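Enquirer: Model the following, please.
(chains A and B)
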Amino acid sequence: MENEILIETKDLVKIYPMGRHEIVALNKVNLVFRKGEFAGLVGPSGSGKTTLLNIVGSLDSPTSGSAVVLGKKVEELSPKEAARLRNENIGFIFQTFNLLPYYTAYENVEFPLLLLKIPASERKRRVMQALEWVRLADRANSRPAQLSGGECQRVAIARAIVKEPAIILADEPTANLDAENSHNILQIMAGLNRQLRTTFIFATHDDKVISYLRRKITLFDGRVVRDEIIEQERKIDENSPVREARIFK
Amino acid sequence: MKLYFKLALRNLLAAGLRTWLNVIVLSFAFVAIIWSQGLYRGMSRYAAQAMTEVELGGGQYWHENYDPYNPLTLQEAHGPVPEPLAQLIQEGRALAILIVQGTLYPRGRFFPVLIKGIDPRQQILLFPSRYLENEQSEEIPAVIGSRMASTCGLKIGDTVTLRWRDKRGAFDARDLRIVHVMKTSVQSVDQGQVWISLDLLRKLTGLEGEATVITLAKGVNFNEAVPGWSYKSLDFLLRDIDEVVRSKTIGASIIYIILLSLAMLAIFDTQVLSIWRRRKEIGTLMALGMTRAQVIKLFTIEGAMHAVLAAAVAALYGLPLLSFFARKGLGMPQVVDSYGFALGERIFPAYSAGLVISTVILIMVMTTIVSFLPTRRIAKLKPTEALRGRIT
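Expert: Here you go, the predicted model:
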């Protein structure tokens, strides 16, 4: 379904105890994300971007309110159910890449498929395809220490996309990259979003990322202060292998 | 499960030197346990075999008054050999031994001794009784052990006065001549004992046809109740050895307990450090869809795999080392004579599949427990905190 709702938050509140005080990280956040969105949570540090991403990614649970992800209420999920939701439906891209240091690029991308118990031949096909999409097929056997920052983040993107998740959550994905690499990975992600209809949600305050977004949600002090659709679309790299990529299935 | 082993092995090998240091220390524990246990098993086996061949045969009947730990009972601890046992002796399947108290007077000193009478023609024990045969002399031909000879300063051909009591309690004495000094690892036929011909001892004491102990030949399956005599099985007779070996084994185990503790401490330390250092990785694993229980399983297997690698490393250098000792034996210092049981000049360690398997299981279980304990911290870890590199 084209306009299928994947994520819906209702009066979402997250409060962190801090000594004798409490910090309200999210304050009655009401948002809906649909299939195929390329949206970003923007705002200054401490505005609640990462907290919202964590709750939507079932890594954390709300203090009150509700977050429904793919029909499942995050606040009601057991740790096992939350892990399954992440494993099957959500891909993560982190600021510091978070690649497994002892694994090669291939093995890092393969990891989510191992947890999903995908057969070896199918695994190999998918991993190589994901690496081709991020233009790293020739670096499959390199370990993270042998890759540049941009390459590491591309491996992280391949790892997030390889299991065909419905949602990819990217927390400051360009914060550790230079401008050129930032644009490269954003091109790749925008291309994957178009080709695979995967929903991308970013937490960022990087203008480069913002310039690629089709929806910008501004948070301030845990509240949504603006939610805007950006009409202007950036043209993605015509030479990107993503252009020629086919849907996995 | 296969996936966890694969991942754990990969992480472990990638940790490099830290892993190999733990593995090497743990492999020392493997080899030390198997070696020392094998050594004591070898000791026990040797002692049992030597005592069986030289003294105990296939079991014994003791006169009901006989208590080897109470010499005061000896005066009464003899009686006529009962019919069923006399039959066995007749058939060469049992051996009568008469034991009386006596005193030896070498070089003006006196030594209380046990005078033991044995048939010089016996074939049941590996005992040099043949030296007591065909001695036509006024002096009593006697065999003593090398320890006894050393204690009393006696050698072959020496003559010494022996005093004893006959059946009426009257003292009698005669000269005794040493016809053979036997070198034996079985102390219980050596120290404080003088062996003479059974017939002669019976004649000297007036205890014709009597005995204190009847030793059965190996393989004789006879344990019927005989009035006035009590049957002592080989297991019973060797129980003291087992106890001594067990006590020695406990002493030796201190060495490998220390080694094992060091290895366990190193693994525990590695696990604690690993969880601290790899908290971000733990968070990533959770974000990728692993549950806390799965991460705990992965880290526990990772720690436990130290034992698997250690077993492989131990096999690498331990097999040649242990088989070398099993072939060549280990020279025993003189001091082991004080252990109180038969020990040869060389002890050959005896390893068994059971010993190896039980050692492997022991170390595996201990390593797994030690590996698991620090991972319980992961159970309290919030994925969001772990991703930020924090431990909550």
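
Enquirer: Next one: residue B:201 from residue B:82, what distance?
Expert: 19 Å (C-beta to C-beta, to the nearest Å). The way it works is simple: take the backbone N, C-alpha and C, and place the C-beta from them, glycine included.

Enquirer: Please read the previous query as pertaining to residue B:305.
Expert: 65 Å.

Enquirer: related to what we said a few turns ago, which one's more surrounded, residue B:201 and residue B:82?
Expert: residue B:201 (24 against 15; other C-beta atoms under 10 Å in any protein chain shown).

Enquirer: so the more buried one sits right up against residue B:96, yeah?
Expert: No. If you go by C-beta atoms under 8 Å, residue B:201 and residue B:96 don't touch, sitting 10.6 Å apart.

Enquirer: What residues does residue B:24 make contact with?
Expert: Listed by C-beta atoms under 8 Å, 6 or more residues apart in numbering or on different chains, the contact partners of residue B:24 are B:310, B:313.

Enquirer: where's it, which helix or strand?
Expert: Using DSSP states H and E, residue B:24 sits within helix B:17-51.

Enquirer: ok, now which ones touch whatever residue of the stretch 201-350 of chain B ends up closest to chain A?
Expert: For the stretch 201-350 of chain B, the residue closest to chain A is residue B:289, as judged by C-beta to the nearest C-beta, at 2.4 Å. Residue B:289 sits next to A:83, A:84, A:86, A:87, A:88, A:112, A:115, A:116 when contact means C-beta under 8 Å, 6+ apart.

Enquirer: List the single closest residue to the fourth one in space, sequence neighbours excluded.
Expert: Taking C-beta to C-beta, 6 or more residues apart in numbering or on different chains as the measure, residue A:87 lies nearest to residue B:289, with 2.4 Å between them; neighbours along the chain are not counted.

Enquirer: what about the one you found, which SS state?
Expert: Recorded secondary structure, residue B:289: coil (DSSP: H, G, I helix; E, B strand; the rest coil).

Enquirer: so how far is residue A:35 from it?
Expert: 21 Å.

Enquirer: cool, residue B:37 as well?
Expert: Separation of residue B:37 from residue A:35 (C-beta to C-beta) stands at 66 Å.

Enquirer: who has more neighbours, those two?
Expert: Applying other C-beta under 10 Å to residue B:37 and residue A:35 shows that residue B:37 carries more neighbours, namely 22 against 16.

Enquirer: Just to check, the more buried one is in contact with residue B:356?
Expert: No. Between residue B:37 and residue B:356 there is no contact under C-beta under 8 Å: 9.5 Å.

Enquirer: which helix is the longest one in chain B?
Expert: For chain B, the longest helix by residue count, based on DSSP state H, is helix B:239-277.

Enquirer: tilt between that one and helix B:17-51?
Expert: Here helix B:239-277 runs at 180 degrees with respect to helix B:17-51, directions being taken by axes from the mean of the first three to the mean of the last three C-alpha atoms, to 10 degrees.

Enquirer: Okay, buried residues for helix B:239-277 please.
Expert: B:241, B:244-245, B:248-249, B:252-253, B:256, B:259-260, B:263-264, B:266-268, B:270-271, B:274-275 (16 or more other C-beta atoms under 10 Å in any protein chain shown).

Enquirer: same check, this time on stretch A:186-197
Expert: Of the residues in stretch A:186-197, A:186, A:187, A:188, A:189, A:190, A:191, A:192, A:193, A:195, A:196 count as buried by neighbour count, 16+ other C-beta under 10 Å.

Enquirer: ok, the residue in the stretch 1-150 of chain B that chain A sits nearest to - contacts?
Expert: Residue nearest to chain A within the stretch 1-150 of chain B: residue B:14 (3.4 Å; C-beta to the nearest C-beta). Residue B:14 makes contact with A:101, A:102 under the criterion C-beta under 8 Å, 6+ apart.

Enquirer: my read: residue A:40 touches residue A:204, true?
Expert: Yes. The criterion here is C-beta under 8 Å, and residue A:40 meets it with residue A:204 at 5.5 Å.

Enquirer: Spit out the residues that contact these two alike.
Expert: Contact criterion C-beta under 8 Å, 6+ apart; residues shared by residue A:40 and residue A:204: residue A:210.

Enquirer: Grab the nearest non-local neighbour of residue 37.
Expert: With no chain named, the answer covers chain A. residue A:199 (5.0 Å).

Enquirer: Chain B, not that one
Expert: residue B:355 (5.5 Å).

Enquirer: ok, and what's touching the strand or helix carrying the one you found?
Expert: Assigned by DSSP H and E, residue B:355 belongs to helix B:353-375. Helix B:353-375 is contacted by residues B:26, B:29-30, B:33-34, B:37-38, B:41, B:260, B:263-264, B:267-268, B:271-272, B:275, B:295-296, B:299-304, B:306-308, B:310-311 when judged by C-beta under 8 Å, 6+ apart.

Enquirer: send the alpha carbons of the helix or strand following that helix over as PDB?
Expert: Next in sequence after helix B:353-375, counting helices and strands by DSSP H and E, comes helix B:383-387. Output in PDB follows, covering the C-alpha atoms of helix B:383-387 (Å, rounded to 0.1, in the frame of the first residue of the first chain):
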ATOM      1  CA  PRO B 383      20.600  -0.900  24.400                       C
ATOM      2  CA  THR B 384      20.400   2.900  24.100                       C
ATOM      3  CA  GLU B 385      23.100   3.300  26.900                       C
ATOM      4  CA  ALA B 386      25.300   0.600  25.400                       C
ATOM      5  CA  LEU B 387      25.100   2.200  21.900                       C
END
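
Enquirer: residues near the nearest residue to residue A:13 once chain neighbours are set aside, how many?
Expert: Closest residue to residue A:13 apart from its sequence neighbours, by C-beta to C-beta, 6+ apart: residue A:64 at 4.5 Å. Residues lying near residue A:64 (other C-beta under 10 Å) number 12.

Enquirer: show me the residues around residue A:64 that make contact.
Expert: Listed by C-beta under 8 Å, 6+ apart, the contact partners of residue A:64 are A:11, A:12, A:13.

Enquirer: Checking my notes, the second one in a strand, right?
Expert: By that I understand residue A:12. Yes. With three-state DSSP as the criterion, residue A:12 is part of a strand.

Enquirer: Just give me the neighbour total for it.
Expert: Applying other C-beta under 10 Å, we find 27 residues neighbouring residue A:12.

Enquirer: How about the last one?
Expert: Counted by other C-beta under 10 Å, the residues lying close to residue A:13 total 16.

Enquirer: With the first one instead?
Expert: Residue neighbour count, defined by other C-beta under 10 Å, stands at 13 for residue A:11.

Enquirer: Then residue A:14?
Expert: By other C-beta under 10 Å, neighbour count at residue A:14 equals 23.

Enquirer: Tell me who's in contact with it.
Expert: The contact partners of residue A:14, taken as C-beta under 8 Å, 6+ apart, are A:24, A:25, A:26, A:48, A:51, A:55, A:60, A:62, A:63, A:222.
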